[in-house]
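build me a structure from this.
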Amino acid sequence: MTESDITSTLAPLEFTCTYPATAAHVSQARRSLARALNGYPAAADAALCLSELATNACVHSQSCEPGGHFTVRAVIRGGQLRVEVHDDGGPWTRPVHRRDGQHGRGLLILAQLASDWGRTGDSATGWTIWFTMTLDGPAAAATPQHAKEKQP
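Residues are numbered from 1 along each chain as shown. Presented below is the predicted three-dimensional model:
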């Protein structure tokens with residue numbers, strides 16, 4: 001079986017869901033992606049990367065203000081997963097590395113696990129932080145479950 005045979009058998013996936021910017025909803029977003037990628041070897045890494053980006057949206061953007069939210073979009077096409085997290089904007093600042101190790105590591109984790117990542121947008125309309133991962137195909141006898149969420 002060639003790589004093109006593997007990627008041609010990957011089930012397409014596309015979902016978008018908007019969540020209130022709370023820690024509980026970061027967990028819900030992570031579980032939704034993990035469930036949608038059930039059986040893919042990269043599912044745990046993708047869920048961890050999503051968790052880091054959603055947490056950043058809730059902590060470091062204007063999404064943390066009352067009524068704030070973040071939106072997750074995930075797409076699989078041609079063996080490539082792309083996940084985006086869109087927040088409510090605000091200033092973009094470099095992560096602060098603290099001695100206690102509690103903050104400033106999320107984008108380092110993302111850089112290690114993702115094939116590529118980046119940022120688009122602006123402080124007024126919101127930032128979209130995205131990452132991509134190559135999927136090797138679902139594990140034997142597993143089929144991805146497509147998320148059908150609209151609102152939490």
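
to which secondary structure element is the most centrally placed residue in the chain assigned?
Residue closest to the average C-alpha location in the chain (CA atoms, centre = their mean): L50, at 2.9 Å. Assigned by DSSP states H and E, L50 belongs to helix 43-60.

could you do T71 as well?
Assigned by DSSP H and E, T71 belongs to strand 69-77.

for that strand, which helices and strands make contact with it?
Secondary-structure packing of strand 69-77 (3 or more CB pairs under 8 Å, 6 or more residues apart in numbering; DSSP states H and E): strand 13-20, helix 23-36, helix 43-60, strand 80-86. Yep, even glycine has a C-beta here, placed from its N, CA and C like the rest.

just send those back as JSON lines, with distance to Q112 and mean pLDDT too.
Shown next, in JSON lines, are those (distance: least, CB to CB, whole Å; pLDDT from 0 to 100):
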{"stretch": "strand 13-20", "distance to Q112": "23", "mean pLDDT": "91"}
{"stretch": "helix 23-36", "distance to Q112": "18", "mean pLDDT": "93"}
{"stretch": "helix 43-60", "distance to Q112": "9", "mean pLDDT": "92"}
{"stretch": "strand 80-86", "distance to Q112": "16", "mean pLDDT": "95"}
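
mind putting those into a markdown table with distance to T128?
A markdown table is the format used below for the helices and strands packed on strand 69-77 (distance: least, CB to CB, whole Å):
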| stretch | distance to T128 |
| --- | --- |
| strand 13-20 | 12 |
| helix 23-36 | 15 |
| helix 43-60 | 10 |
| strand 80-86 | 5 |
